[in-house]
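Chemist: Provide a 3D model corresponding to the input given below.
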Amino acid sequence: MFANTVTIAARELKSFFNSPVAYVILTLFLLISGWFFSSGLFLLGQADMRDLFSIIVPIMYLFFIPAISMRLISEEKRSGTMELLVTLPVRDVEIVLGKYLATLGLLAAALVLTFAYPLTLALLGDPDGGALIGGYLGLFLMGGSYLAIGLFTSGLTQNQIVAFITGFMLILGLFMLDKVLMFVPGPVASILEYLSVTYHFDNIARGVLDSRDLIYYLSLIVVFLFLAVRTLESRQWR
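Modeler: Just a heads-up that it's a prediction; the model follows:
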């Protein structure tokens with residue numbers, strides 16, 4: 001299983017970098033995040049990455065993650081290569097995990113390229129190392145959760161635009177859950193707060209590692225990867 005998963009992940013990652021997709025996404029991500037980082041640093045005098053971690057990148061994720069994941073399965077279905085792929089001695093779970101690991105690698109590359117920002121802060125002052133590590137860990141877990149959702153929605157349709165919109169709406173819903181707490185009763189507010197990705201991200205970004213936050217993100221990833229596998233298996237029922 002491991003060998004097939006790695007092979008599929010390497011194939012998928014290679015396809016990203018053999019086309020303009022990865023370069024366009026990484027360039028836009030760096031340009032936008034770099035603009036807000038430099039603006040905060042040089043224009044507003046904010047020698048930290050709190051706004052970038054808590055506001056800018058999470059909002060960028062709403063658009064970038066569905067854009068990365070929308071083609072993963074839908075394009076295979078549309079072009080007919082999915083039928084060829086499933087005839088090989090690989091299981092559906094290996095296909096899903098391989099594609100997920102490839103996009104996770106692309107996400108990690110995007111975050112690693114932003115390491116220039118904390119290095120700049122280190123040269124200019126004494127940034128909070130715990131908050132920086134927590135911020136990057138939170139962004140990685142949040143992005144990993146969104147990618148699992150995007151992979152699931154990509155398996156629901158052959159149309160990439162439909163996959164993008166569906167993934168965007170699901171991700172936006174999780175992102176907005178803690179923004180409506182004032183409009184709902186207390187017990188419901190507690191449930192919505194726990195289900196919100198932002199609530200758990202804010203905890204990690206403060207440099208506080210709580211097992212409940214890690215379990216939340218890992219559970220979200222497992223659930224949507226499981227659903228993605230089920231969407232592939234559903235072709236056998238038709």
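Chemist: what residues are up against the most centrally placed residue in the chain?
Modeler: By C-alpha atoms, centre = their mean, the chain has its centre lying nearest to residue 143, at 2.3 Å. For residue 143, the contact set (C-beta atoms under 8 Å, 6 or more residues apart in numbering) comprises 61, 65, 104, 107, 111. Where you see a C-beta, it was placed from the backbone N, CA and C, and this is true even at glycine.
Chemist: If I follow the layout properly, the first one ends up in contact with residue 141?
Modeler: Read it as residue 61. No. With contact defined as C-beta atoms under 8 Å, residue 61 and residue 141 do not form a contacting pair (11.5 Å).
Chemist: Lowest average confidence across helices and strands of the chain, where is it?
Modeler: helix 81-87 (a mean of 63; mean pLDDT, DSSP states H and E).
Chemist: In the helix or strand following that helix, which residues have enough neighbours to count as buried?
Modeler: Using DSSP states H and E, the helix or strand that follows helix 81-87 in sequence is helix 92-113. Within helix 92-113, the residues that count as buried by 16 or more other C-beta atoms under 10 Å are 92-107, 109-111.
Chemist: which residues are contacting the helix or strand hosting residue 122?
Modeler: Per DSSP H and E: residue 122 is located in helix 116-124. Helix 116-124 has contacts (C-beta under 8 Å, 6+ apart) with 33-34, 37, 41, 47-49, 52, 127, 132.
Chemist: Off-centre distance for it?
Modeler: Centroid displacement of helix 116-124 relative to its chain, using C-alpha atoms, centre = their mean, to the nearest Å, is 25 Å.
Chemist: what's the closest residue to residue 176 other than its chain neighbours in contact with, if anything?
Modeler: Sequence neighbours aside, residue 196 is the residue nearest to residue 176 in space, at 8.0 Å (criterion: C-beta to C-beta, 6 or more residues apart in numbering). Residues near residue 196 by C-beta under 8 Å, 6+ apart: 174-178.
Chemist: repeat that with 10 Å
Modeler: Listed by C-beta atoms under 10 Å, 6 or more residues apart in numbering, the contact set of residue 196 reads 173-181, 202, 216.
Chemist: which among those residues end up buried?
Modeler: 174-175, 177-178, 181, 202, 216.
Chemist: Need those residues in a markdown table (columns: distance to residue 227).
Modeler: What follows is those, written out as a markdown table (distance: C-beta to C-beta, whole Å):
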| residue | distance to residue 227 |
| --- | --- |
| 174 | 14 |
| 175 | 19 |
| 177 | 19 |
| 178 | 23 |
| 181 | 27 |
| 202 | 26 |
| 216 | 17 |
